[in-house]
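>>> sequence below, structure please.
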Amino acid sequence: MKPIHLTTAFALAASAALGVGTIQTAQAATLKMECGATGNDRAFCDYVEQRFTEATGHDLEFVELPNSSSEKLGLFQQIFASGQSGVVDVFQADVVWPGILAPHMLDLSDGLGDLEPHFFPGAWQNNVIDGELKAVPGLIDTGLLFYRTDLLDQYNEQPPQTWAEMERIARKIQAAEREAGHDNFWGLVFQGKAYEGLTCNALEWVSSHNGGTLVNADGEITINNAGAAEGLDMAAGWIGDIAPRGVMGYQEEESRAVFQNGDALFMRNWPYAYLLAQDEGSPVKGKVGIVPLPKASGDGQHAAALGGWQWAVSRYTDHPDAAKALVRILADAETQTQRFLMTGVSPARKDVYDDPRILDKAPYMSELLSVFEAAIARPASPTGDNYARVSNAFYNAAFAVLNGEMSGEKAVADLERRLARIKRNAW
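Residues are numbered from 1 along each chain as shown. Reported below is the predicted structural model:
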């Protein structure tokens with residue numbers, strides 16, 4: 001089936017609503033579902049279509065969206081503002097969207113709420129807004145610490161459990177490698193550019209020092225505390241020491257390029273980077289390990305920012321029951337397993353991580369189970385449609401600390417005041 005580009009579908013639907021054109025009315029039993037444009041995504045969608053039509057007797061039609069998350073969000077906001085029901089029924093929502101799009105998402109509690117025990121807690125709770133289940137997790141991501149197994153072995157070191165251990169090992173091996181002639185070798189790379197990726201990194205530094213999550217689940221601003229300041233100051237100390245100053249311009253792919261080229265010992269990144277590092281032709285193939293991100297010394301915690309995509313249903317769908325039936329298929333163990341086998345994305349269901357088919361293809365997946373269990377959600381749900389402003393304020397404050405413009409203590413105090421202005425009386 002040839003997919004419909006969602007921008008085209010929206011334009012046609014809007015024209016019809018305004019009386020400036022006509023479109024053919026879709027069959028009542030035809031659902032429109034988002035599907036990616038790549039070959040692997042299409043193979044997965046074809047699998048879902050076969051299961052859905054056989055199980056329900058309904059038809060499934062695919063629509064394509066822009067690749068950029070921000071462009072997709074903008075398009076959805078246009079679609080939902082129009083209230084059109086014939087554009088898309090079931091779609092994928094980024095992990096930070098439920099709080100933004102909640103008014104336009106169907107409550108899935110009745111019919112899908114029983115699935116909660118099968119999913120990672122953080123991923124599930126991220127989608128509960130004001131007591132309503134707005135989406136079901138489709139795939140999950142968290143921050144991880146990648147390391148060079150060969151170099152740790154060579155220098156008789158173990159993967160670090162704390163940030164202090166990581167710093168010590170990074171300095172030791174960085175100095176030794178440079179002395180051996182590897183002049184551009186660094187101990188650590190991460191995502192330090194002022195963008196959403198820095199929000200994720202900085203949230204991990206803050207939370208690992210028991211500094212909270214900027215805004216708690218009740219909407220209270222919690223960032224102004226000693227742990228949060230300490231986490232930011234710690235990262236600032238890496239710049240020019242174990243991490244290049246250029247890291248303040250790095251996103252995910254710049255970090256991966258340095259690490260995969262063999263020029264860094266440690267890297268903070270998302271799980272996708274593992275498979276790429278093991279590709280044929282990769283200079284570090286067979287030399288990469290992954291562990292949870294370090295915690296602060298003492299009573300800190302391992303903290304990894306939650307990422308991923310969720311399956312949601314438009315509130316304006318004409319077929320809510322059929323849409324829920326489709327989401328149930330998308331959420332079941334076999335579908336999530338098949339999606340991993342076809343596309344390589346990490347399942348959001350925790351009960352498939354011992355599936356022999358998954359472990360045969362990617363033995364490292366078993367190591368991710370505990371990391372996903374403890375993933376920390378960004379404060380998108382409590383801040384709602386103000387989240388973009390909250391995140392912008394946070395990553396700019398973190399960048400100022402990395403850049404040496406202010407201390408962590410001053411940054412979190414200033415950030416508290418800025419967030420209070422954004423919140424005013426309520427989010």
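
>>> all contacts plus neighbour counts: C-alpha atoms, from now on.
Noted.

>>> list the contacts of A29.
H58, D59, H319, A322 (C-alpha atoms under 8 Å, 6 or more residues apart in numbering).

>>> oops, could you answer that again for N40 instead?
By C-alpha under 8 Å, 6+ apart, the residues touching N40 are M342, T343.

>>> so where's the stretch 1-150 of the chain uncertain?
Scanning the stretch 1-150 of the chain for pLDDT under 70 picks out 1-28, 38-39.

>>> give me the average confidence score over stretch 166-173.
Average pLDDT, stretch 166-173: 98.

>>> contacts for it next, please.
Outside stretch 166-173, the residues within contact range by C-alpha under 8 Å, 6+ apart are 151, 155, 157, 159-160, 186-188, 241-242, 265-266, 294.

>>> of the contacts of A29, which is the most crowded?
Using other C-alpha atoms under 10 Å as the neighbour test, the contacts of A29 are led by A322, with 20 neighbours.

>>> list the contacts of the helix or strand hosting that residue.
Secondary structure from DSSP states H and E places A322 in helix 320-331. Helix 320-331 has contacts (C-alpha under 8 Å, 6+ apart) with 29, 31, 48, 51-52, 56, 58, 89-90, 108, 111-112, 136-138, 311-313, 335-336, 349.

>>> so how far is that helix off the chain centroid?
Counting by C-alpha atoms, centre = their mean, to the nearest Å, helix 320-331 is centred 23 Å from the centre of its parent chain.

>>> so which bits of that helix are buried?
Under the neighbour-count criterion of 16 or more other C-alpha atoms under 10 Å, helix 320-331 has P320, A322, A323, K324, A325, L326, V327, R328, I329, L330, A331 buried.

>>> helix or strand right after it?
Once helix 320-331 ends, the next helix or strand along the chain (criterion: DSSP H and E) is helix 333-343.

>>> how far off centre is that following helix?
For helix 333-343, the distance to the chain centre is 18 Å (C-alpha atoms, centre = their mean).

>>> residues in contact with that helix?
Residues from elsewhere that reach helix 333-343 (C-alpha under 8 Å, 6+ apart): 40-41, 43-44, 48, 138, 329-330, 345-349, 351-352, 355, 357-358, 361.

>>> give me that answer again for 6 Å
N40, P347 (C-alpha atoms under 6 Å, 6 or more residues apart in numbering).

>>> which parts of the helix or strand where A420 lies are buried?
According to DSSP H and E, A420 maps onto helix 408-423. Residues of helix 408-423 classed as buried: G408, E409, A411, V412, L415, E416, R418, L419, I422, K423 (neighbour count, 16+ other C-alpha under 10 Å).

>>> what is the nearest of the residues you listed to S381?
K423 (13.6 Å; C-alpha to C-alpha).

>>> my understanding was that A348 contacts L139; is that so?
Yes - A348 is within contact range of L139, at 4.6 Å (criterion: C-alpha atoms under 6 Å).

>>> counting neighbours, go ahead and name the busier of those two.
A348 (28 against 23).

>>> contact partners for the more buried one?
P137, G138, L139, I140.

>>> top of the residues you listed by number of neighbours, please.
P137 (29 neighbours).

>>> is that one located within a helix, as I assumed?
No - using DSSP: H, G, I helix; E, B strand; the rest coil, the assignment for P137 is strand, not a helix.

>>> that one - nearest residue in space that isn't next to it in sequence?
Counting by C-alpha to C-alpha, 6 or more residues apart in numbering, Q310 is the residue found nearest to P137 once chain neighbours are left out, at 4.2 Å.

>>> hey, what's that neighbour bridged with?
According to DSSP bridges, the partner residues bridging Q310 are A93, P137.

>>> show me the strands in the stretch 101-250 of the chain, by range?
Secondary structure of the stretch 101-250 of the chain (DSSP state E, counting those that start in this stretch): strands located at 128-129, 132-133, 136-142, 144-148, 186-189.

>>> for the fourth one, which helices and strands make contact with it?
Strand 144-148 makes packing contacts with strand 264-269, strand 288-291 when contacts are defined by 3 or more C-alpha pairs under 6 Å, 6 or more residues apart in numbering; DSSP states H and E.

>>> touching the last one from outside, list them.
Counting by C-alpha under 6 Å, 6+ apart, the neighbours of strand 288-291 from elsewhere in the structure are L145, F146, Y147, R148, T149.

>>> hmm, back to that, output the helix holding A420 as PDB, nothing but the C-alphas.
Extracted C-alpha coordinates of helix 408-423, given in PDB (Å, rounded to 0.1, in the frame of the first residue of the first chain):
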ATOM      1  CA  GLY A 408      26.500  25.900  39.300                       C
ATOM      2  CA  GLU A 409      25.200  27.600  42.400                       C
ATOM      3  CA  LYS A 410      24.400  30.900  40.600                       C
ATOM      4  CA  ALA A 411      23.000  29.000  37.600                       C
ATOM      5  CA  VAL A 412      20.400  27.000  39.600                       C
ATOM      6  CA  ALA A 413      19.400  30.100  41.500                       C
ATOM      7  CA  ASP A 414      18.900  32.100  38.300                       C
ATOM      8  CA  LEU A 415      17.100  29.200  36.700                       C
ATOM      9  CA  GLU A 416      14.700  28.900  39.600                       C
ATOM     10  CA  ARG A 417      13.700  32.500  39.100                       C
ATOM     11  CA  ARG A 418      13.300  32.100  35.400                       C
ATOM     12  CA  LEU A 419      11.200  29.000  35.800                       C
ATOM     13  CA  ALA A 420       9.000  30.800  38.300                       C
ATOM     14  CA  ARG A 421       8.300  33.500  35.700                       C
ATOM     15  CA  ILE A 422       7.400  30.900  33.100                       C
ATOM     16  CA  LYS A 423       5.100  29.100  35.600                       C
END
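
>>> spatially speaking, which residue is in the middle of this protein?
Residue closest to the mean C-alpha point of the chain, counted by C-alpha atoms, centre = their mean, is G307 at 1.8 Å.

>>> pretty sure D59 contacts K32?
No - the pair D59 / K32 is not scored as a contact, 8.7 Å apart, by C-alpha under 6 Å.

>>> returning to that earlier point: so how do I select the buried members of the contacts of stretch 166-173 in ChimeraX?
With 16+ other C-alpha under 10 Å as the burial test, the buried ones among the contacts of stretch 166-173 are selected in ChimeraX as follows:
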select :159,160,186,187,188,241,242,265,266,294
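
>>> for K287, state which of the contacts of stretch 166-173 is nearest.
K287 lies nearest to L151 out of the contacts of stretch 166-173, by C-alpha to C-alpha, at 8.4 Å.

>>> how much space separates the closest one from V288?
Taken as C-alpha to C-alpha, to the nearest Å, the spacing of L151 relative to V288 amounts to 10 Å.
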